[in-house]
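Visitor: Predicted model and sequence follow; I will ask about them next.
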Amino acid sequence: NAGVMQNPRHLVRRRGQEARLRCSPMKGHSHVYWYRQLPEEGLKFMVYLQKENIIDESGMPKERFSAEFPKEGPSILRIQQVVRGDSAAYFCASSPQRTGVNTEAFFGQGTRLTVV
Amino acid sequence: AQSVTQLGSHVSVSEGALVLLRCNYSSSVPPYLFWYVQYPNQGLQLLLKYTSAATLVKGINGFEAEFKKSETSFHLTKPSAHMSDAAEYFCAVSAIVGNEKLTFGTGTRLTIIP
């Protein structure tokens, strides 16, 4: 059973371009979480999705960022018109059901976005 | 709101020595607490978690952590360090309700000296 797969692992974009980060959850997992790690900071929650639904997007910047998790295919984190401050590591995690006492989320290796 | 503070961004210990990584939390509600490890070029892996059962939690690879409410701490320990323990360690907290949203500390990079 493959783990959470994120691609690309490294992404370089020029200011003003769009970045699309993909996350394929573990088999049987329908819950996906995105986190961002800025340099010298801890991971910060961005958004929680369950197949085709956004459950909690309280950590998403209000502009330029969007996320989806379609019925088929990976979850996508999309950043439009990237700026230097978007340079960070973006981590995806997945779980088979809502995390709780007996359910944990499994993390991918992350996508490192560099905006030049 | 919850937060965690990890004291020491870099910790070095000799092989065979005690490992102690510090984490203090702040939470207005009873928390869940977690320790994750990240090896180079890999994703975060859960070491252990506290979910209001036993205050001493045992995890994988010989690690354990003790929840101390009076000190608002959840320090990670291992009696004897191995070279393979070299990695970055993250403490995290969540509320019991809405616990899918983790708040992480800034991480501690552990170096093992041969």
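Guide: Received, thanks. Residues are numbered from 1 along each chain as shown, chains lettered A, B, ... in the order given.
Visitor: Strands along chain B, start to end?
Guide: Ranges of strands within chain B are B:2-7, B:10-14, B:19-27, B:31-38, B:44-50, B:56-58, B:64-68, B:73-78, B:87-95, B:103-104, B:108-113, based on DSSP state E.
Visitor: Could you verify my assumption that B:Ser73 touches B:Leu20?
Guide: No: using Cβ atoms under 8 Å, B:Ser73 is not in contact with B:Leu20; the gap is 11.1 Å. Where you see a C-beta, it was placed from the backbone N, CA and C, and this is true even at glycine.
Visitor: and those two? which has more neighbours close in?
Guide: B:Ser73 (18 against 12; other Cβ atoms under 10 Å in any protein chain shown).
Visitor: so what's that one closest to, chain neighbours aside?
Guide: Distances taken as Cβ to Cβ, 6 or more residues apart in numbering or on different chains put B:Asn24 closest to B:Ser73, at 5.2 Å, once the chain neighbours are dropped.
Visitor: same thing with B:Asn41?
Guide: A:Gln109 (6.6 Å).
Visitor: So what are the sheet partners of whichever helix or strand A:Ile54 is part of and their directions?
Guide: Following DSSP states H and E, one finds A:Ile54 within strand A:53-56. When pairing is defined by DSSP bridges, strand A:53-56 lines up against strand A:43-50 (antiparallel).
Visitor: tell me the mean pLDDT for the partner strand?
Guide: Taken as a whole, strand A:43-50 has a mean pLDDT of 93.
Visitor: between it and strand B:44-50, how many degrees?
Guide: 90 degrees (axes from the mean of the first three to the mean of the last three Cα atoms, to 10 degrees).
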